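Novice: here's a sequence, model it:
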Amino acid sequence: MPTKINGESRTVAGRRERFSYLIYGLRFTSDRPIPGLLSIESTDAVSPDLSVRFPSGEVHPPEDLSKETLWYTSDILDASGHPALKIWKEKKVGSYFIRYSHGLTFHLNADLTTLDIHYDEPMSAEDIATFLLGPVLGIVLRLRGVTCLHASAVSIKGKAIAFVGAEGAGKSTTAALFAQKGHAVLSDDIVALLERGNSFYIPPAYPFLNLWPHSFAMLSPSSRAELPESTTAEKRPLVLNGNPTRFQRTELPLGGIYLLLDERSESSEAPFIVGLTPQDALMHLIANTYGNKALDPVMRVKEFSVLGRLVKSLPVRRLVAYKDPLNLAGLCDVISADLSAQKHVLHGD
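Specialist: All right, here's what the predicted structure looks like:
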């Protein structure tokens, strides 16, 4: 049965126990364990970037919020035809209310350092983690000025290789194929770009891949998945527990990006790689950044600048897959061969 988040968290020596995690380069603590995450050793000498709390009681955005404080409305509708997500920004203090239509609310303070989680009805820890580790932390990263790609990333010869594309493009499935061949996975769905000097680095996310049920049918029978009983998660986790898939626990320099677009080919040569000009690569990346619909003008300018530097320093290529999505033969081989041909990218490995 799923772990229910009810009552108070455990106490140690009369105080609340804190759980420490590192994800997307963010060090955060929580007063409840977060399912699926690997805890790290906590130290009082290092302040967390984010403190996650589960206060008792419900919280709702004030009813009299004006239109100016409604910061974002999702174009995705729930079963009742209402926006699945709305985000308010308080006028006076600048904090954010991230509220889902089913009653889950995340209250982020103006300093982006504290995240309080509230729910109208009891929810499983797994279901709350689905929202927290994906879209909510994605919003936190964007508000902190971190450009994020809608992508998955794996480790190949000591470099991070990202697979970028829209929902359903096959990012996670491609990452799973490489995982089955022994390549460690860094991130799924959200790839945070950390820029240092003239290089970009990809920090690890969580130790599992979220796959649609039909994706499991495309993978080899050796796949192993732990399927929690969940009422809201539509995807299933492929756990990266080293048997045989692995999780990359440390950040890696970004070595290249492959775009997975809607275009597919019936050619016998598929799958194949197509080069892109820096201008075309930039436009494709801008269209496939995570949370780009919620960016304000200042954030968009910064994103454009970051991605402009990225396409000038790293190869961005387009992967054209075979028309039949069930035919995955040769996909990893084509990408691996293309990377090997780019000796200036993976030199010294």
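Novice: low-confidence ranges, this structure, go.
Specialist: Applying pLDDT under 70 to the chain flags residues 1-16, 43-45, 56-68, 220-233, 265-266, 270, 322-329, 343-349.
Novice: how many neighbouring residues does residue 93 have?
Specialist: Residue 93 has 9 neighbours, counted by other Cβ atoms under 10 Å. Just so you know, the C-beta spots here come from the backbone N, C-alpha and C atoms, and that holds for glycine as well.
Novice: and what of residue 201?
Specialist: If we define neighbours as other Cβ under 10 Å, then residue 201 has 16 of them.
Novice: now do the buried residues in the helix or strand it falls within.
Specialist: For residue 201, the host element (DSSP states H and E) is strand 199-202. Buried residues in strand 199-202, counted by 16 or more other Cβ atoms under 10 Å: 200-202.
Novice: return the distance of residue 340 relative to residue 184.
Specialist: Distance from residue 340 to residue 184, counting by Cβ to Cβ, to the nearest Å: 18 Å.
Novice: more neighbours, the two?
Specialist: Neighbour count, other Cβ under 10 Å: between residue 340 and residue 184, residue 184 has more, with 22 against 12.
Novice: residue contacts, that one?
Specialist: Going by Cβ atoms under 8 Å, 6 or more residues apart in numbering, residue 184 touches 154-155, 240, 246-248.
Novice: closest to residue 105 among the buried residues of strand 199-202?
Specialist: Nearest to residue 105 among those: residue 202, at 30.3 Å, using Cβ to Cβ.
Novice: so what touches stretch 155-162?
Specialist: Residues outside stretch 155-162 that contact it (Cβ under 8 Å, 6+ apart) are 149, 151-154, 178, 183-186, 191, 201-202, 248, 251-258, 335-336, 339, 345-346, 349.
Novice: out of those, which sit inside strands?
Specialist: By the criterion of DSSP state E, membership of the contacts of stretch 155-162 in strands covers 149, 151-154, 185-186, 191, 201-202, 252-258.
Novice: buried among these? Make that a PyMOL selection.
Specialist: The PyMOL selection below is limited to those of the ones in strands among the contacts of stretch 155-162 classed as buried (16+ other Cβ under 10 Å):
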select buried, resi 149+151+152+153+154+185+186+191+201+202+252+254+255+256+257+258
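Novice: got a list of what the residue nearest to the spatial centre of the chain touches?
Specialist: Nearest to the mean C-alpha position of the chain, counting by Cα atoms, centre = their mean, stands residue 190 at 2.5 Å. Applying Cβ under 8 Å, 6+ apart, we find residue 190 in contact with 24, 134, 137-138, 141, 148-151, 205, 290.
Novice: which one (most neighbours) among these?
Specialist: Neighbour counts for those (other Cβ under 10 Å) peak at residue 151, which has 30 neighbours.
Novice: can you give me the strands for the stretch 151-300 of the chain?
Specialist: Counting by DSSP state E, counting those that start in this stretch, the stretch 151-300 of the chain has strands at residues 159-164, 185-187, 190-192, 194-196, 199-202, 208-211, 236-239, 252-265, 272-275.
Novice: got a markdown table for those, with distance to residue 331 too?
Specialist: Shown next, in a markdown table, are the strands of the stretch 151-300 of the chain (distance: least, Cβ to Cβ, whole Å):
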| stretch | distance to residue 331 |
| --- | --- |
| strand 159-164 | 10 |
| strand 185-187 | 16 |
| strand 190-192 | 19 |
| strand 194-196 | 28 |
| strand 199-202 | 21 |
| strand 208-211 | 15 |
| strand 236-239 | 17 |
| strand 252-265 | 10 |
| strand 272-275 | 10 |
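Novice: just the buried residues of stretch 119-126, please?
Specialist: Judged by neighbour count using 16+ other Cβ under 10 Å, the buried positions of stretch 119-126 are 119, 123-126.
Novice: what about it, how long is it end to end?
Specialist: 14 Å (Cα to Cα, to the nearest Å).
Novice: now do it: distance to the chain's middle.
Specialist: Centroid separation between stretch 119-126 and its chain, computed with Cα atoms, centre = their mean, to the nearest Å, is 21 Å.
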